[in-house]
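>>> Need coordinates for the following:
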Amino acid sequence: MTFHRHHHYPPPPPNSNNNQLTPPSLSQNHQPHQFIHLPMASKIVKPPPPPPLPAPVKTLDDEKEQSIQELLSYIIFLNERINRAVMEANSFKSECYSLYSLVGDILGKLPNDKLRNDASTGPGKLYERPIRRVMEEVAKQFEKTLTLVRKCNRGGVFRRLVSIVSATDFKKLQSMLESSMADITWLLNIFDGGGGIILSLPPIASNDPIISWVWAAIASLYMGQINDKIEAANQLASLAKDNGRNKKYIVEEGGIAPLLKLLKENSSVEAQIAAAMALIHLANDDDRVCVIIKELGVPVIVQVLGDSPMRVQIKLANLVARMAGCSPLAQEDFARENVIKPLVTLLLMDVYMEEASLNVGKQSFHAIVEINKEREKNQLHRPALGSSLSMQSSNGSSRGGHHKKDRENETPEVKLRLKTSCVEALWMLSKGSVLNSRKITETKGLLCLAKLVEKEQGELLYNSLMTIMEITAAAESDADLRRTAFKTNSLAAKAVVDQLLRVIKECDNSTLQISALRAIGSLARTFPSRETRVIGLVVQQLGHWNLDVATEAAIALGKFTCRENFLRAEHTATILEFNGTQPLTRLVQGNERSLLHGYILLCYIGLHARNSEDLEKGNVLQTLALAERQAAVGQHPELKELIAETVTHLNLYLQCCVIQRP
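Modelled structure (predicted):
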């Protein structure tokens, strides 16, 4: 909405003979709305221009909003102008006085002193959104009142000619002013109600009742007692859970900042859980996650995650996972705040790295101890984000001990939920992020994940495998990460590979097998030529009853034999040694995806094989020759070109082999 400036001509200046200058052709009994013929010789005195109005009120859509004090000053100024216009009115006097009386009641109901004092205390102390909307609506109605009352002034001929006023105009405007009075009454109930949630409906929100509930809940977060704040946060969470439109209102009306403040206060576990739940429901969109980031939510979340009760940590880990899964910017910010360390430390809480189970020796357990020491050191030296966070930092050791005792008393179900949430957060943080994947490997997180894959089941096992899959995918795309985290003599890498192979061999869940096969494929360039057990196990999966598992095995073997792999010839020989070409003939008869990757693997085998007898036994040339005539192959020009290249190469190679034979 935009408020327009209404100019008017005030009464003419006083004359020496009369109190007011009247045009010579205007008689006293003339009716105001008749057309008037003026003599040609008559001269109308042009009144001076009126004093300018203050700048119009800026709306919520403007780049920079006016302060509450400026809005109050503008409304008071309009009241003075209305008073002057009423005194000068010559028609509809009773209606004008009635409007002015209502204007005075509205102005008297505005808590001017309270608003001025609260607004002057600085940002964050007063919830301004509903105040600003109501006051803008009041200013809009005051401007309409001023315009209507001015039309009742018959001081100028031009005004008499163009001004058409009826009693209906006054009734409409009176109804609007009464609505503004009801809005102010609702506003006073919100801000003087002791902080509780007021679920009444003001006229300003009659077209959209949800916005009044959002205003009431957010105002309670600012001014309510702790129980009121918990109720308000739960209501916002419930509204946000319903639909995206409610989420949009909560964010636009400034609900993120008080929720983060409630999360940071550490005054009540229930309050922190309620705030975290509301933020979780809001953080399912990139734009809303960016708002949380702009409100400095990431440092708050990391700080509270590192030192809070276990039930709060579960919700915060879910929040980290939700934000990281929606926004790459959130991944970067969480990496900057080093959220990986508290997450890995929480996982290590009940995970004991026995030497017998993982064969990783004493060094890994020593690394776990070092992680805990480093985390405590970081908590003591973390820069304060504000007064409350600084206090948390200074008292971290005492509360940390208290929370540690609480963790020991928690049920196994709660501990399992915490580990599941933490691993999911690591999964979302590492997804497509080399930086976060590197941080996980630097904190010895791979050892922990390997242990979880070995011991756990259900969702925790799935999340752990997906995290490993994302880390290995990052290592596939980044040579430095691949060399440092998955080098041949790495104990963590060995533990991870052992568990991946165990899942591929023993697990009957095809989803888990596919994740493990993808991770093995991503690590294809890290395996030496002597590591034949890996290729042998993957070759066995080419004959798996589930076509998706068999296709994923073909994709993994394709990464062992592709041109980018330096040991492609050695790995190809290993595949032929394990008779890997026979199950491929069944694979290329499946769906389009299995056909595509099956032929790609056959081409790589044909290009890089060194033993002609193995190629002849596998019927590689015959299978590829038939593939050239298939319609599905023709839809993939790159595959068609690769098959043609392989067939040409095999024909030349086999001819040379025949010539060289004695």
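
>>> check contacts around the residue positioned nearest the centre of the chain.
Against the mean C-alpha coordinate of the chain, by C-alpha atoms, centre = their mean, the closest residue is Val289 at 2.2 Å. Residues in contact with Val289 (C-beta atoms under 8 Å, 6 or more residues apart in numbering) are Ala283, Met323, Cys326, Ser327, Leu329, Ala330. In this view, the C-beta of every residue, glycine as well, is placed from N, C-alpha and C.

>>> What about the third one, how many residues nearby?
Counted by other C-beta atoms under 10 Å, the residues lying close to Cys326 total 19.

>>> Now it. Its backbone dihedrals?
Torsion angles at Cys326 (phi, psi; degrees, to the nearest 10) stand at phi -100, psi -30.

>>> For it, give me the pLDDT.
On the pLDDT scale, Cys326 is placed at 93.

>>> returning to what we had before: what residues sit buried inside whichever strand or helix holds the residue nearest to the centre of the chain?
Assigned by DSSP states H and E, Val289 falls within helix 286-294. By 16 or more other C-beta atoms under 10 Å, the buried positions in helix 286-294 come out as Arg288, Val289, Cys290, Val291, Ile292, Ile293.

>>> chain center to that helix, what's the gap?
Chain-centre distance of helix 286-294: 5 Å, with C-alpha atoms, centre = their mean, to the nearest Å.

>>> need the next SSE after it, C-terminal direction.
Once helix 286-294 ends, the next helix or strand along the chain (criterion: DSSP H and E) is helix 297-306.

>>> averaged over its residues, what pLDDT does that next one have?
95.

>>> repeat for stretch 417-424
The model assigns stretch 417-424 a mean pLDDT of 96.

>>> so where is the stretch 301-450 of the chain shaky, pLDDT-wise?
The model of the stretch 301-450 of the chain has pLDDT under 70 over residues 350-408.

>>> one more time with 80, if that's ok
Residue ranges of the stretch 301-450 of the chain with pLDDT under 80: 349-410.

>>> Could you point out which residue ranges in this structure have low pLDDT?
In the chain (pLDDT under 80), the answer is 1-66, 111-125, 153-165, 192-199, 266, 349-410, 610-619, 628-632, 653-662.

>>> got the domain boundaries for it?
As given by automatic domain parsing, the domain ranges for the chain are 68-192, 527-662.

>>> Let's have the ones you listed in TSV, adding distance to Ile198.
Below are the domains of the chain laid out as TSV (distance: least, C-beta to C-beta, whole Å):
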stretch	distance to Ile198
domain 68-192	5
domain 527-662	56
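
>>> Export the ones you listed as CSV, with columns for distance to Leu199 and mean neighbour count.
What follows is those, written out as CSV (distance: least, C-beta to C-beta, whole Å; neighbours: other C-beta atoms under 10 Å):
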stretch, distance to Leu199, mean neighbour count
domain 68-192, 11, 18
domain 527-662, 52, 18
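
>>> Not counting residues beside it along the chain, what's closest to the residue nearest to the centre of the chain?
Spatial nearest neighbour of Val289, chain neighbours left out: Ser327 (4.2 Å); criterion: C-beta to C-beta, 6 or more residues apart in numbering.

>>> Against Ala425, how distant is that neighbour?
To Ala425, Ser327 is 14 Å away according to C-beta to C-beta, to the nearest Å.

>>> what does Met323 give?
Computed as C-beta to C-beta, the Met323 to Ala425 distance reads 9 Å.

>>> swap in Lys172?
57 Å.

>>> now swap in Lys341 and tell me
Lys341 is 12 Å from Ala425, by C-beta to C-beta.

>>> Of the two, which one has the most company?
Between Lys341 and Ala425, counted using other C-beta under 10 Å, Ala425 has the larger neighbour count: 29 against 22.

>>> show me what contacts the more buried one?
Ala317, Asn318, Val320, Ala321, Ala324, Val339, Leu343.

>>> can you pick the most crowded of the residues you listed?
Leu343 (31 neighbours).

>>> Okay, angle between the helix or strand harbouring that residue and helix 297-306 too, please.
Using DSSP H and E, Leu343 falls within helix 340-347. Counting by axes from the mean of the first three to the mean of the last three C-alpha atoms, to 10 degrees, helix 340-347 lies at 30 degrees to helix 297-306.

>>> next one: helix 340-347 to chain centre, how far?
22 Å.

>>> what do you get for stretch 272-291?
Relative to its chain's centre, stretch 272-291 lies at 7 Å (C-alpha atoms, centre = their mean).

>>> just stretch 581-591 next, same as before
Relative to its chain's centre, stretch 581-591 lies at 44 Å (C-alpha atoms, centre = their mean).

>>> ok, now stretch 518-527?
With C-alpha atoms, centre = their mean, you get 32 Å for stretch 518-527.

>>> now stretch 583-597
On the basis of C-alpha atoms, centre = their mean, stretch 583-597 sits 40 Å off its chain's mean C-alpha point.

>>> Restrict it to CA atoms and write it as PDB.
Extracted in PDB, the C-alpha atoms of stretch 583-597 (Å, rounded to 0.1, in the frame of the first residue of the first chain):
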ATOM      1  CA  PRO A 583      27.300 -62.600 -16.300                       C
ATOM      2  CA  LEU A 584      27.600 -59.500 -18.500                       C
ATOM      3  CA  THR A 585      25.800 -61.300 -21.300                       C
ATOM      4  CA  ARG A 586      22.700 -61.600 -19.100                       C
ATOM      5  CA  LEU A 587      23.100 -58.000 -17.900                       C
ATOM      6  CA  VAL A 588      23.000 -56.500 -21.400                       C
ATOM      7  CA  GLN A 589      19.600 -58.200 -21.900                       C
ATOM      8  CA  GLY A 590      18.000 -56.300 -19.100                       C
ATOM      9  CA  ASN A 591      16.600 -52.800 -19.000                       C
ATOM     10  CA  GLU A 592      18.200 -49.800 -20.800                       C
ATOM     11  CA  ARG A 593      20.300 -48.800 -17.700                       C
ATOM     12  CA  SER A 594      21.800 -52.200 -17.300                       C
ATOM     13  CA  LEU A 595      22.300 -52.600 -21.000                       C
ATOM     14  CA  LEU A 596      24.200 -49.200 -21.200                       C
ATOM     15  CA  HIS A 597      26.600 -49.900 -18.300                       C
END
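
>>> what's that stretch in contact with?
539, 542-543, 547, 550-551, 554-555, 558, 598-599, 601-602, 619, 623, 627, 630, 632-633, 636, 639.

>>> what about 7 Å?
542-543, 547, 550-551, 554-555, 558, 598-599, 601-602, 623, 632, 636, 639 (C-beta atoms under 7 Å, 6 or more residues apart in numbering).

>>> Which members of these are the farthest-apart pair?
Gly543 and His636 (24.3 Å; C-beta to C-beta).

>>> picking up where we left off before, now, which of the contacts of Ala425 sits nearest Leu465?
Ala321 (15.7 Å).

>>> Touching, the closest one and Ser430? I think so.
No. Using C-beta atoms under 7 Å, Ala321 is not in contact with Ser430, being 11.1 Å away.

>>> Just give me the closest of the buried residues of helix 286-294 to Asn153.
Nearest member of these to Asn153, counting by C-beta to C-beta, is Val291, at 49.3 Å.

>>> ok, the closest one to Gly254 distance?
Counting by C-beta to C-beta, the gap from Val291 to Gly254 is 10 Å.
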